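Novice: Sequence first, then the predicted structure:
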Amino acid sequence: MYRTKEFRRDVEKKNKNRVKHIIKDVWHEEGLLENPKFVGKMANSRQLCSCEMCGNPRHDHFSSQKNKLTIQERRAEEDLKDWEESRESEEN
């Protein structure tokens, strides 16, 4: 079953509305809503923003090394510390 023009237009409209919400309520930049080219570009690829909220925290230059770790990496560090502590207590 193929996607119709109607379906594609509907998806594009939803994406543009989502981008307009981000521009208006998150960025608080009403002036960007007047530029339909920018809204269309953001609707196709929302990666234009590289702020701390939208971007990858690993690439943030201002956060500490600990904040750049994923949850899985943090848990692995905690498990390693717990294991080392238990091993030291067994040796004593």
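Specialist: Good, I have the coordinates.

Novice: And Asp82, how close does it get to Asn44?
Specialist: Distance, Asp82 to Asn44, by C-beta to C-beta, to the nearest Å: 46 Å. For the C-beta atoms, the positions are set from N, CA and C on the backbone; glycine is no exception.

Novice: Just give me how far the longest helix that the chain contains sits from the chain centre.
Specialist: Under DSSP state H, the helix in the chain containing the largest number of residues is helix 71-91. Mean C-alpha position of helix 71-91 versus that of the full chain (C-alpha atoms, centre = their mean, to the nearest Å) differs by 30 Å.

Novice: which residues touch it?
Specialist: By C-beta atoms under 8 Å, 6 or more residues apart in numbering, the residues outside helix 71-91 that reach it are Lys66, Leu69.

Novice: How about the least confident helix or strand in the chain by mean pLDDT, which residues are buried there?
Specialist: When the helices and strands of the chain are scored by mean pLDDT, DSSP states H and E, helix 36-44 comes last with a mean of 89. Residues of helix 36-44 classed as buried: Phe38, Val39, Met42, Ala43 (neighbour count, 16 or more other C-beta atoms under 10 Å).

Novice: now for those, which pair is the farthest apart?
Specialist: Phe38 and Ala43 (9.7 Å; C-beta to C-beta).

Novice: what's the host helix or strand of Val11 packed up against?
Specialist: Element membership for Val11 (DSSP states H and E) is helix 5-21. Other elements packing on helix 5-21 under the criterion 3 or more C-beta pairs under 8 Å, 6 or more residues apart in numbering; DSSP states H and E are helix 36-44.

Novice: quick one: contacts of the helix it packs on?
Specialist: Glu12, Asn15, Lys16, Arg18, Val19, Lys20, Ile22, Ile23, Leu32, Leu33, Leu48.

Novice: what's the closest non-adjacent residue to the fourth one?
Specialist: In other words, Arg18. Excluding the flanking residues, the one nearest Arg18 by C-beta to C-beta, 6 or more residues apart in numbering is Ala43, at 7.6 Å.

Novice: Good, wrapping up.
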